[in-house]
Structures are given as C-alpha cells and as structure tokens.
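# give me a model of this one.
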Amino acid sequence: MPTSHRIAGTLLAATTMLLIAPHLAQAQDADAQEVLRYTLTEAGLAKYSQATKLLAALPDQARGACDEEGTEAQSLDEMAAKLDGVPGARAAIQSAGMTSREYIVFSLSLLQNGMAAWAVSQPGGALPPGASRANVDFLKKHDAELKQLERLTPKGSCDDEPAEDVADE
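Model (predicted):
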C-alpha cells in the first residue's frame, strides 16, 4: 500500500479516535479538545522540525521503537511518557525547545488538520466541524516542508515500506 494511503488511513483513525469515539473517557475528551484547539504556528513548526530531525538521527533501535501489541497509549500524557521511554527522545525534543507532550500535540494537530485539508480538497468538500481554517491554510502553506519531514521516517520502523515511498504521492 502506498505511504500516502497508509498516512490517510492513520490520519482517519487518529481523528476518529480523538474526535468521534463516544466512549472516550473525560480525560481523553479533554485531550481531543486540546488537539482540536491547538494553533499551528511558524515558531511551533520550527521547533517541531528540529525535534523531528533530532529524533530521526537517533540510533535505529530508538527511532524504530514500536508500541507492543495491546499497550497503546490512551491519553496525551501516556503518549508523551511512551515517547520519553525511547532512549534519547526526551533529550532530542527538549533540545529543540519542546516538551514531549507539546511534540505529541503538534503531531496530532498535523494529522487532524491534514484530514481536514483532505476533506476540503474533495469535490464538494467542506471544513469539518470544529476544524480551523487557519490551521488548514498553514498546512497548505508548509506542505513542501512537511513532506520533507515525512521522509525522515526511518526504514525498518513500524511501517513496512521504506520512507522513499513518500515521494510517490
């Protein structure tokens, strides 16, 4: 399956998980609302880009660390804790000027707003309820830069296709 399809599927699943699932606990709803309200900025993107580059430079065993089956994080704090558990990840993110939680929120906002941008681009598409037009516009403006960051996904990570497939979009 092409990477773009996997990304779209992952984005849809993440968005559904964060926004739609009615059985989410109150803390998860607060997390979903935090991601929904997050504003993408130039300063945030600069920090996120630096952190992503530093994470990509970590040794393969740290970069390719996958969640063990049945141990999916259920909150932003749990996701940040899992990220902090990867050797060198916390230091890499902090050296870029972010916390692991901020990195996770920025990442999920990119995913969520990527789905919104996709929805808008479809024939007859409209901005999903609660989505930010400013964030969608930000994503469009920074599309090339974000695609460069996607290429940093290491081979042998949890994806079963190499990062070079991103260029085939």
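# so where's the protein uncertain?
1-28, 60-71, 73, 153-169 (pLDDT under 70).
# scan this protein for its longest helix.
helix 100-121 (DSSP state H).
# and stretch 35-48, how far apart are its ends?
Terminal residues of stretch 35-48 are spaced 15 Å apart (CA to CA, to the nearest Å).
# what comes up buried for it?
Judged by neighbour count (16 or more other CB atoms under 10 Å), stretch 35-48 contains these buried residues: 35-36, 38, 40, 44-45, 47-48. C-beta here means a position set from N, CA and C on the backbone, and glycine is covered the same way.
# of all these, which two lie farthest apart?
Using CB to CB, those span at most 20.5 Å, a distance reached by L36 and K47.
# picking that back up, beyond the longest helix of the chain, next helix or strand please.
Downstream of helix 100-121, the first helix or strand assigned by DSSP states H and E is helix 133-141.
# packing partners for that next one?
For helix 133-141, the elements it packs on are helix 100-121, judged by 3 or more CB pairs under 8 Å, 6 or more residues apart in numbering; DSSP states H and E.
# how about the helices in the protein?
Here the chain has its helices, by DSSP H, at 3-15, 26-37, 42-56, 60-63, 76-84, 89-95, 100-121, 133-141, 143-150.
# burial count for the spatially closest residue to L152 that is not a sequence neighbour?
In space, L152 comes closest to A56 once its chain neighbours are excluded; the distance is 3.8 Å by CB to CB, 6 or more residues apart in numbering. Using other CB atoms under 10 Å, A56 has 16 neighbouring residues.
# could you double-check that A56 lies in contact with E150?
No - in this structure, A56 is not within contact of E150 by CB atoms under 8 Å, at 10.7 Å.
# show me what contacts the spatially closest residue to A131 that is not a sequence neighbour?
Nearest residue to A131, sequence neighbours excluded (CB to CB, 6+ apart): A116, at 3.9 Å. Residues near A116 by CB atoms under 8 Å, 6 or more residues apart in numbering: 127-128, 131-132, 135-136.
# if I look at A116, how far off is S107?
Applying CB to CB, to the nearest Å, the value for A116 to S107 is 15 Å.
# perfect, I'm done here.
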